[in-house]
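Enquirer: Quick one: sequence and predicted model below, then my questions.
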Amino acid sequence: MDKPHEKLLETMHQYKMAIIGPREIILGFKALGLEPVYMSDSKEVVEKLFSLKREKVEADGESKNKYAIIFILEELAQAITPDDYKKLSADPLPAIIPLPSHMGTTGYGLAKLKTIVEKAVGMDILN
């Protein structure tokens, strides 16, 4: 008989992770199993995020999100309007996680994380 944690691990293996950014910065993430999406134009990022969000796979007779997590470099994530961000984060999957680039953080990712935690917990516990 399957143990509950084995079923969870099996389910997690069905999802993919992607990372969005310029080729020269994100190429190394491919070795970690992330699917690189090469983009450096912030104008096209929102359209690509919606496209990745719509990608589905068939698993156990169901249509499920292909991606559980989409990482995006902060510089590109800043192009997402609050309205689009709200639409993109309406569903639990995929989670869109801003990452600092090799240039360092802009503070955007931490600000988004604070907002998410505040909504979940009811107060800002990161200060």
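Expert: Structure's in. What do you need? Values in this document were obtained by computation on a predicted structure and should not be read as measured data.
Enquirer: correct me, but K43 touches T81?
Expert: No - using Cβ atoms under 8 Å, K43 is not in contact with T81; the gap is 11.9 Å. Heads up, the C-betas are built off the backbone N, CA and C, glycines and all.
Enquirer: dump the residue contacts of F71.
Expert: Taking Cβ atoms under 8 Å, 6 or more residues apart in numbering as the criterion, F71 is in contact with M17, A18, I19, I20, F29, L34, I97, P98, L99.
Enquirer: Could you rerun that using 7 Å?
Expert: Applying Cβ atoms under 7 Å, 6 or more residues apart in numbering to F71 gives the contacts I19, L34, I97, L99.
Enquirer: Which strand residues bridge the nearest residue to the third one once chain neighbours are set aside?
Expert: Nearest-residue entry for I97: F71, 5.1 Å, with adjacent residues in sequence omitted and distances by Cβ to Cβ, 6 or more residues apart in numbering. Beta bridges link F71 to I19, I97 when assigned by DSSP bridges.
Enquirer: With adjacent residues omitted, what lies nearest to L93?
Expert: Nearest residue to L93 in three dimensions, chain neighbours excluded: N65, at 4.5 Å (Cβ to Cβ, 6+ apart).
Enquirer: count of neighbours near the one you found?
Expert: 19 (other Cβ atoms under 10 Å).
Enquirer: who does it bridge with?
Expert: The partner list for N65 in beta bridges (DSSP bridges) reads K56.
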